[in-house]
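S.K.: Structural data only, the sequence is not supplied:
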């Protein structure tokens, strides 16, 4: 008896089709994706999707990927925008740290305030995302006002860059990012949490 | 000199980040040429402190409230003796994260949930990296990481050894009845502490009925006696609990040191 099953081949969209999809999303200024020129546009990471080998030369920007989410689930896109903003702040703080600690610290205070807003996106993005944002905020609180060094700011910047690349990251991967921040001497656990449980 | 690391050091080093105890434990581990962690300490760590952390985490998941969680834990005996003295610290820590207005209770609960989950996963990851080596594997104990289920609840089982087989330590313990006797005699017969009474009873059974099966409960009750008995001759027992370990260790010529 011969099989009646025939394989269905679903072709990947051509690059021109991808560009056309990308350009169908405009920013608030009405600019198409290819026309936008943000401070982070050259750095906007791309993310592979299923069938990465086929799409290797035609990656879809992460902003486009989550930009296509319908109304009612806007958080991922809002989170990406907010993450881009805080990454910008970290870059400014990093640059400023070479010339003035005060200037750098003022930017980091702005960053710390933004973290509270970022934490709200955790319900849509998951615990990996929540862990990185929470641990960073706790680390800044544990500094008790002492400004971060340039290398510490860089470690936080790397964590947030990675977070923007893969906002739906696993808890284990998030812990790796947090441990990189801890390696720079930042304490990411709330003080007294061990004593809270009287662990012996 | 080498160090045979006891459970309290493991706990301080892994579950009390940023505290004076944590710094002391880590500094102490650097004092010795070689540090060894027996798997028995990992078993105790998971069944005790880590299990409490899992419980706390899970309570935060189910109540979604830090206030309710602390209140609930205050009612439970394993936590009671510690929590009351540290509840102000908890409150302070909570306020420091942003104040009640900025962070409502469910938000705080989520922050503590994430921090607790981090400590659980991280401490398990690091348990075998803390010392130069991990020694004395327990064939009857499965060293399995706490698992998160689909509801976000940590399952810390198995916490005990396999009940179907005899405790793997029994054979070695029976080889040295004299040490067992000396350790038993170091525990005051009149002690009112349940822990002492249980340990004395197990040691007595091992001496008087060497052919009797040593079960997982007895193995657990040996507790501090395990460290005295199995600590290598060229090592000291490194613990914060000098009071309990000292008499047992001294009875068989072993040395105890604190961080």
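M.R.: Thanks, I have the structure now. Small disclaimer: the values here were computed from a predicted structure and weren't measured. Numbers count the residues shown, from 1 in each chain, chains lettered A, B, ... in the order given.
S.K.: Would you mind naming the helix or strand containing the spatially closest residue to residue B:19 that is not a sequence neighbour?
M.R.: Excluding its sequence neighbours, the residue lying closest to residue B:19 (CB to CB, 6 or more residues apart in numbering or on different chains) is residue A:194, at 5.8 Å. Heads up, the C-betas are built off the backbone N, CA and C, glycines and all. Following DSSP states H and E, one finds residue A:194 within helix A:193-196.
S.K.: Now do that helix, average pLDDT.
M.R.: The pLDDT scores in helix A:193-196 average 73.
S.K.: And for stretch A:100-117?
M.R.: 95.
S.K.: measure the residue nearest to residue B:19 to residue B:52 for me?
M.R.: Residue A:194 sits 11 Å away from residue B:52, taking CB to CB, to the nearest Å as the criterion.
S.K.: Which one of the two is surrounded by more residues?
M.R.: residue A:194 (26 against 21; other CB atoms under 10 Å in any protein chain shown).
S.K.: Verify the contact between the more buried one and residue B:25 for me.
M.R.: No. Contact criterion CB atoms under 8 Å: residue A:194 and residue B:25 do not qualify, at 11.0 Å.
S.K.: Now for those two: what residues contact both?
M.R.: Common neighbours of residue A:194 and residue B:25, counting by CB atoms under 8 Å, 6 or more residues apart in numbering or on different chains, are B:12, B:16.
S.K.: Around chain B, pick out the residues from chain A.
M.R.: A:116, A:119, A:122, A:127, A:130-131, A:134-135, A:137-138, A:141-142, A:171-172, A:175, A:178-179, A:187-200 (CB under 8 Å from any CB of the partner chain).
S.K.: Pull out the buried residues from the residues you listed.
M.R.: Among these, those classed as buried by 16 or more other CB atoms under 10 Å in any protein chain shown are A:119, A:122, A:127, A:130-131, A:134-135, A:137-138, A:141-142, A:171, A:175, A:178-179, A:187-200.
S.K.: These in helices, which ones?
M.R.: The members of those that map onto helices under DSSP state H are A:119, A:122, A:127, A:130-131, A:134-135, A:137-138, A:141-142, A:171, A:175, A:178-179, A:193-196.
S.K.: All the strands of the chain, residue numbers only.
M.R.: Defaulting to chain A. Counting by DSSP state E, one finds strands in chain A at the ranges A:46-47, A:60-61.
S.K.: that answer is for a different chain, and I need it for chain B
M.R.: According to DSSP E, the strands that chain B contains are B:2-5, B:34-38, B:133-135, B:147-148, B:154-155, B:235-238, B:255-257.
S.K.: need these in JSON lines with mean pLDDT and mean neighbour count, can you?
M.R.: Output for the strands of chain B, formatted as JSON lines (pLDDT from 0 to 100; neighbours: other CB atoms under 10 Å in any protein chain shown):
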{"stretch": "strand B:2-5", "mean pLDDT": "96", "mean neighbour count": "24"}
{"stretch": "strand B:34-38", "mean pLDDT": "97", "mean neighbour count": "21"}
{"stretch": "strand B:133-135", "mean pLDDT": "95", "mean neighbour count": "15"}
{"stretch": "strand B:147-148", "mean pLDDT": "90", "mean neighbour count": "15"}
{"stretch": "strand B:154-155", "mean pLDDT": "92", "mean neighbour count": "17"}
{"stretch": "strand B:235-238", "mean pLDDT": "96", "mean neighbour count": "24"}
{"stretch": "strand B:255-257", "mean pLDDT": "96", "mean neighbour count": "18"}
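S.K.: will you turn those into JSON lines that also has distance to chain A?
M.R.: Below are the strands of chain B laid out as JSON lines (distance: least, CB to the nearest CB, whole Å):
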{"stretch": "strand B:2-5", "distance to chain A": "15"}
{"stretch": "strand B:34-38", "distance to chain A": "17"}
{"stretch": "strand B:133-135", "distance to chain A": "20"}
{"stretch": "strand B:147-148", "distance to chain A": "8"}
{"stretch": "strand B:154-155", "distance to chain A": "11"}
{"stretch": "strand B:235-238", "distance to chain A": "15"}
{"stretch": "strand B:255-257", "distance to chain A": "17"}
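S.K.: For those strands, could you give me CSV that also reports distance to residue B:120?
M.R.: Output for the strands of chain B, formatted as CSV (distance: least, CB to CB, whole Å):
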stretch, distance to residue B:120
strand B:2-5, 20
strand B:34-38, 18
strand B:133-135, 19
strand B:147-148, 9
strand B:154-155, 6
strand B:235-238, 24
strand B:255-257, 29
